[in-house]
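Asks: model the structure of this input:
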Amino acid sequence: MSLRSLTALLEKYEPPHTCYDETFADRYKARPHYANLMDRLLELSATDLNSHQHAADVAFLNQGITFTVYGDGEGTERTFPFDLLPRIITGQEWDHIESGLKQRLRALNYFLHDIYHEGKVFRDKVIPYGMVASSKHYRREMRDVNVPHNIYVAICGTDLIRLPSGGFAVLEDNL
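Replies: Below you'll find the predicted structure:
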């Protein structure tokens with residue numbers, strides 16, 4: 001793809017009205033925080049982009065940035081999915097996301113502390129005890145065990161989605 005064909009493609013592009021367009025505010029105008037990236041993309045050919053993506057994939061493989069898919073019968077090692085084109089968020093958006101993620105982690109830790117200690121969520125019938133007790137991840141032996149700093153969730157991967165309004169929502173937490 002040449003600069004001319006990419007420009008022609010972008011001229012035909014109509015931002016969707018049913019979802020948030022990360023890059024374009026309207027048909028011909030990139031969002032301010034995407035302007036430099038768009039300028040750079042217009043300088044690259046499709047061959048260049050494919051070459052850069054391949055180089056990133058090889059670098060991930062060589063550095064061991066991989067995971068194994070055990071459920072597919074082969075235990076295949078794969079590189080982590082990596083999109084060469086970043087999702088760019090503003091500093092203001094990041095401040096909001098960071099604040100929300102910290103709040104969410106505090107809530108998850110309080111929740112787990114309650115499950116393994118007071119059990120208010122069970123007494124108040126917020127969650128049935130049987131639902132938690134039957135979970136393969138629930139550990140009865142952790143009842144009344146005080147973990148350091150009440151940190152039950154040391155690592156959390158929270159999947160965010162962009163809402164049509166432009167805001168963010170949590171899709172799921174991977175604990």
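
Asks: could you list the low-pLDDT ranges of this structure?
Replies: For the chain, the stretches flagged by pLDDT under 70 are 1-9, 71-75.

Asks: quick check: end-to-end length of stretch 161-175?
Replies: The first residue of stretch 161-175 is 18 Å away from its last residue (C-alpha to C-alpha, to the nearest Å).

Asks: pull the residues that contact it.
Replies: If you take C-beta atoms under 8 Å, 6 or more residues apart in numbering as the criterion, stretch 161-175 is touched by 18-20, 22, 93, 96-97, 100, 104, 108, 153, 155-160. Placement of C-beta: from N, CA and C, glycine included.

Asks: of the residues you listed, keep whichever come out buried.
Replies: With burial judged by 16 or more other C-beta atoms under 10 Å, the buried subset of the contacts of stretch 161-175 is 108, 158.

Asks: please flag which of the contacts of stretch 161-175 sit within helices.
Replies: The helices, defined by DSSP state H, take in 93, 96-97, 100, 104, 108 from the contacts of stretch 161-175.

Asks: now for residue 15, how many residues are close by?
Replies: 14 (other C-beta atoms under 10 Å).

Asks: contact partners of the helix or strand encompassing residue 40?
Replies: Assigned by DSSP states H and E, residue 40 belongs to helix 35-41. By C-beta under 8 Å, 6+ apart, the surrounding residues in contact with helix 35-41 are 6, 23, 30, 49, 85-86, 88.
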